[in-house]
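Here you go, sequence then predicted model.
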Amino acid sequence: MKKKLNIIFIALCVATAFAQAQTPATVPYSCNFENETENANWTLENGTESNKWNIGTATQNGGSKGLYISYDAKYEFSREPWDNSYVYAYRTITFDEIGEYVIDFDWKAGGFLNYNYARVFLVPNSITITAGMSKAVDYGLAGHAFFETPTPEGWITIDGQYHSQINWDTKTETVNILNKGNYNLVLFWKNIATSSYGTNQPIAVDNISIKKATSTATENISSTALKNAVAYYNLIGQKLSKEPTNGVYIIVYDNGTTEKVIK
Ligand SMILES: [Ca+2]
């Protein structure tokens with residue numbers, strides 16, 4: 001019995017070692033993929049999928065390197081459209097205060113609406129992310145049609161689908177962190193084998209930055225917006241049983257976005 005327990009213990013240690021491979025980054029965070037030490041902290045969860053995340057020199061928006069999808073080990077900025085691929089790249093970030101943060105990054109992508117595209121999330125570090133995992137961010141959730149893109153519980157979505165933007169653009173989004181702790185900034189690429197829709201250009205990302213937002217709040221929130229509210233929180237991240245009658249609080253909407261309001 002003792003031997004068996006030792007084996008289990010060793011297995012747990014190995015699993016833990018892999019899970020803690022990254023050194024969490026702190027905010028403010030910036031990454032232009034030019035620093036090899038920082039690059040090594042990114043997890044490229046490619047599994048055996050053919051279209052893979054890669055940090056390399058095939059494309060970038062400054063310096064010599066960027067983060068992008070490439071087919072197999074060719075390290076070119078292109079994809080194989082006839083393969084299924086559901087792959088993730090992520091970096092663990094420590095958010096040591098609740099509140100609003102501004103995330104921005106440069107991106108360009110081919111692909112096609114609903115078929116071949118990227119999504120971007122902040123995901124609590126406690127959730128395991130595995131290559132090939134698609135249902136949570138793609139289809140298969142009860143009540144959702146094939147092409148809808150529901151956001152799994154606990155995942156914070158950073159806008160919608162990323163595709164059909166051939167030239168470099170900059171995305172800026174504000175997110176509200178309701179529970180402090182470690183989150184993974186997750187980039188997801190989806191490739192469906194049944195469609196060659198869109199160009200063979202996949203997605204590339206460069207110049208990521210995360211910083212604390214200058215605090216802002218909405219006054220006189222509209223009744224239309226409140227119809228889509230699914231939860232309310234106070235400013236220290238505690239869930240409230242109902243909407244407050246006055247004060248400053250945070251609304252969570254059914255599409256996963258949040259808004260701080262003054263009433
Ligand atoms: Ca770069």
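Structure's in. What do you need?

Distance-wise, check the spatially closest residue to Asn179 that is not a sequence neighbour relative to the ion.
Spatial nearest neighbour of Asn179, chain neighbours left out: Gly237 (5.1 Å); criterion: C-beta to C-beta, 6 or more residues apart in numbering. (Each C-beta comes from the backbone N, C-alpha and C, glycine too.) For Gly237, the distance to the ion (C-beta to the ion, to the nearest Å) stands at 34 Å.

from what I can see Gly237 touches Ile98, true?
Yes: applying C-beta atoms under 8 Å as the test, Gly237 and Ile98 come out as touching, 4.6 Å apart.

neighbour count winner among those two?
Under the criterion of other C-beta atoms under 10 Å, the comparison of Gly237 against Ile98 puts Ile98 first, with 19 against 15.

Near the ion, which residues of the protein are found?
Asn32, Phe33, Gln60, Gly62, Gly63, Asp206 (C-beta under 5 Å from the ion).

got the buried residues for stretch 167-182?
Buried residues in stretch 167-182, defined by neighbour count with 16 or more other C-beta atoms under 10 Å: Trp168, Lys171, Glu173, Thr174, Val175, Asn176, Ile177, Leu178.

what's the farthest-apart pair in those residues?
Pairwise distances across these (C-beta to C-beta) peak at 32.0 Å, for the pair Trp168 and Leu178.

got the contact list for the closest residue to the ion within the chain?
Relative to the ion, the nearest point of the chain is Gly63 (3.6 Å; C-beta to the ion). The contact partners of Gly63, taken as C-beta atoms under 8 Å, 6 or more residues apart in numbering, are Asn32, Phe33, Glu34, Asp206.

which of those residues sit farthest apart?
For those, the farthest-apart pair by C-beta to C-beta is Glu34 and Asp206; their separation is 9.4 Å.
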